[in-house]
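K.L.:
what follows is a predicted structure for the sequence shown.
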Amino acid sequence: MTVAALAVLALAACGAEKGTPGSSSSVVPDVPLSGTDWRVDSVTVDGKRVPAPHGADVSFTGGRVSGSSGCNHFSAPASVKGDTLTVGHSTSTLIGCPKNIQEYERALLRTVRGKLTAQLDDGKLTLRAPDGDHVVLGSRPAAPLTGTRWKVTSLVEGGTASSLPQGTAGKARLTFGKDGTVRGNLGCNRVSGMAKVTKGTITFGHLTTTRMACRGPAMTLERQLLKLLHGPVRYEIQQRVLTLRTPGRSGIDATA
């Protein structure tokens, strides 16, 4: 089973107003979750603490919260207003996992749903349900540009992000080398070439590809990527999310 592709997580810039009639309102800034990636420390349900297995993580990217239990993957729509995270219905892969991971998965999916209070404190993020169940997350360092395999998750045109063509999710990826090279896959054909990295900018040279005959969505994605990965583009990394933008505000989003 496949997990729904990620889109762009919209955060209200002005935050949420709280106050009572007749009193001055205060503005509560939105908790800054967009483009962040966390390791799961533990989940507490009905007062019982369930430790997270190795590799368990949670990301807030593309209008969704998604994560891995170290076995299965899940994804759900999510939005932030002030200190409230609202999580919609989740989808998950259905791999048979060891008993201890199954217990953790049940606890996590039971907790990360509906309206949760999000609290950031000294590098820790706590998501708390109204009944007191909660998840404790720890921050992860930003992924380096070079040496990381970046999976393309969305296309951007004029500042608006869209999902990849149907059936191509997870197929396009890029890796930048410290020697100024770039290589990867465009969804069908392998690609390689040079990419000069300066502060905030990647300048792509001529890219060469293999010559497999691709059809339908795979070829559509390949053509779009070749058009975007040309000349100078601005890049930015937020934890484990890479954005590439051309001067015309087209580009891609990718995750480590």
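P.N.:
Perfect, I can see it now.
K.L.:
SS state for A254?
P.N.:
When the structure is split into helix, strand and coil by DSSP: H, G, I helix; E, B strand; the rest coil, A254 lands in strand.
K.L.:
so the closest residue to it other than its chain neighbours is in which element?
P.N.:
The spatial neighbour of A254 that comes closest, neighbours along the chain excluded (C-beta to C-beta, 6 or more residues apart in numbering), is W150 at 3.9 Å. Every C-beta, even on glycine, is put in place using the N, C-alpha and C of the backbone. Taking DSSP states H and E as the definition, W150 sits inside strand 149-157.
K.L.:
can you map out the helices along this protein?
P.N.:
Counting by DSSP state H, residue ranges of the helices within the chain are 99-111, 216-228.
K.L.:
least confident of these, on average?
P.N.:
Among the helices of the chain, helix 99-111 has the lowest mean pLDDT, at a mean of 88.
K.L.:
run through the stretch 1-150 of the chain and note the low-pLDDT ranges.
P.N.:
Low-confidence segments of the stretch 1-150 of the chain, defined by pLDDT under 70: 1-28.
K.L.:
find the residue at the geometric middle of this protein.
P.N.:
T61 (3.5 Å; C-alpha atoms, centre = their mean).
K.L.:
who's that residue bridged to?
P.N.:
R64 (DSSP bridges).
K.L.:
quick check, it in contact with V241.
P.N.:
Yes. T61 is in contact with V241 according to C-beta atoms under 8 Å; the separation is 5.5 Å.
K.L.:
distance of T246 relative to D253?
P.N.:
Between T246 and D253 the computed distance is 13 Å (C-beta to C-beta, to the nearest Å).
K.L.:
comparing the two, which residue is more hemmed in?
P.N.:
D253 (23 against 18; other C-beta atoms under 10 Å).
K.L.:
got the contact list for that one?
P.N.:
Neighbour list for D253: 6, 8, 61-62, 152-154, 156, 161, 241-243 [criterion: C-beta atoms under 8 Å, 6 or more residues apart in numbering].
K.L.:
hmm, back to that, I'd like to know how many residues surround the residue nearest to A254.
P.N.:
By other C-beta under 10 Å, the residues close to W150 number 24.
K.L.:
picking that back up, for the strand holding W150, list every residue counted as buried.
P.N.:
Neighbour counts over strand 149-157 (16 or more other C-beta atoms under 10 Å) mark 150-156 as buried.
K.L.:
and those residues as JSON lines, adding distance to G70?
P.N.:
As requested, those are arranged in JSON lines below (distance: C-beta to C-beta, whole Å):
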{"residue": "W150", "distance to G70": "22"}
{"residue": "K151", "distance to G70": "18"}
{"residue": "V152", "distance to G70": "24"}
{"residue": "T153", "distance to G70": "21"}
{"residue": "S154", "distance to G70": "25"}
{"residue": "L155", "distance to G70": "30"}
{"residue": "V156", "distance to G70": "31"}
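K.L.:
residues contacting stretch 113-126, please?
P.N.:
For stretch 113-126, the external contacting residues (C-beta under 8 Å, 6+ apart) are 31-33, 38, 41, 76, 80, 83-90, 127-130, 134-139.
K.L.:
rerun that using 10 Å as the cut-off
P.N.:
With contacts defined as C-beta atoms under 10 Å, 6 or more residues apart in numbering, stretch 113-126 is touched by 30-33, 36, 38, 41, 44, 58, 60, 65, 76, 78, 80-90, 127-130, 133-140.
K.L.:
quick one: contacts for L186?
P.N.:
Contacts here follow C-beta under 10 Å, 6+ apart; on that basis L186 touches 152, 168, 171-174, 207, 209-210, 214, 218-219, 221-226, 229.
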